[in-house]
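K.L.:
Sharing a sequence plus its predicted fold:
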Amino acid sequence: MRNVLKEHEENITELTLVPSHGGVFEISLNDEVLFSKRELGRYPEKNEVEDMIKENLKI
C-alpha cells in the first residue's frame with residue numbers, strides 16, 4: 001500500500017480513514033468498495049488491496 005501512495009502522491013488529493021466498529025473493515029476508491037471484510041469474512045491477504053487499487057487505477 002505504501003508503494004501505491006508513494007508512486008502516486010502527486011495525484012492523491014485526499015485520503016480518508018473512517019473509524020468504525022463491529023469488525024467492519026472496508027477499502028473504497030472513488031466511492032466503489034474494493035474490499036469488505038464484512039462481505040468476505042476475512043482480512044485482506046498481503047498485497048491484495050494494493051493490487052486491487054492498481055487494477056482500479058489501471059497502473
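P.N.:
Right, received. Where do you want to start? Numbers count the residues shown, from 1 in each chain.

K.L.:
only C-alpha atoms for contact and neighbour calcs from this point on.
P.N.:
OK.

K.L.:
OK, contacts around the residue positioned nearest the centre of the chain?
P.N.:
The residue lying closest to the centre of the chain (C-alpha atoms, centre = their mean) is Ile27, at 3.8 Å. Counting by C-alpha atoms under 8 Å, 6 or more residues apart in numbering, Ile27 makes contact with 33-36, 49.

K.L.:
Kindly recompute the last result at 7 Å.
P.N.:
33-36 (C-alpha atoms under 7 Å, 6 or more residues apart in numbering).

K.L.:
tell me the pLDDT at it?
P.N.:
Per-residue pLDDT puts Ile27 at 87.

K.L.:
A strand includes it, no?
P.N.:
Yes - using DSSP: H, G, I helix; E, B strand; the rest coil, the assignment for Ile27 is a strand.

K.L.:
can you count the residues close to the nearest residue to it once chain neighbours are set aside?
P.N.:
Sequence neighbours aside, Phe35 is the residue nearest to Ile27 in space, at 5.1 Å (criterion: C-alpha to C-alpha, 6 or more residues apart in numbering). Using other C-alpha atoms under 10 Å, Phe35 has 20 other residues around it.

K.L.:
now Phe35, what's its secondary structure?
P.N.:
Phe35 ends up strand, using three-state DSSP.

K.L.:
Not counting its own residues, what contacts the longest helix that the chain contains?
P.N.:
If you go by DSSP state H, the chain has its longest helix at helix 48-57. Helix 48-57 is contacted from outside by 1, 4, 34, using C-alpha under 7 Å, 6+ apart.

K.L.:
still on that earlier bit, in this structure the residue nearest to Ile27 contacts Val24, no?
P.N.:
No - here Phe35 does not reach Val24: they are 10.7 Å apart, not a contact under C-alpha atoms under 7 Å.

K.L.:
Where does the prediction get shaky in this structure?
P.N.:
Where the chain drops to pLDDT under 70, the residues are 59.

K.L.:
Please identify the buried residues of stretch 46-59?
P.N.:
Neighbour counts over stretch 46-59 (16 or more other C-alpha atoms under 10 Å) mark 49-50, 53 as buried.

K.L.:
Nearest to Asn11 among these?
P.N.:
Ile53 (13.6 Å; C-alpha to C-alpha).
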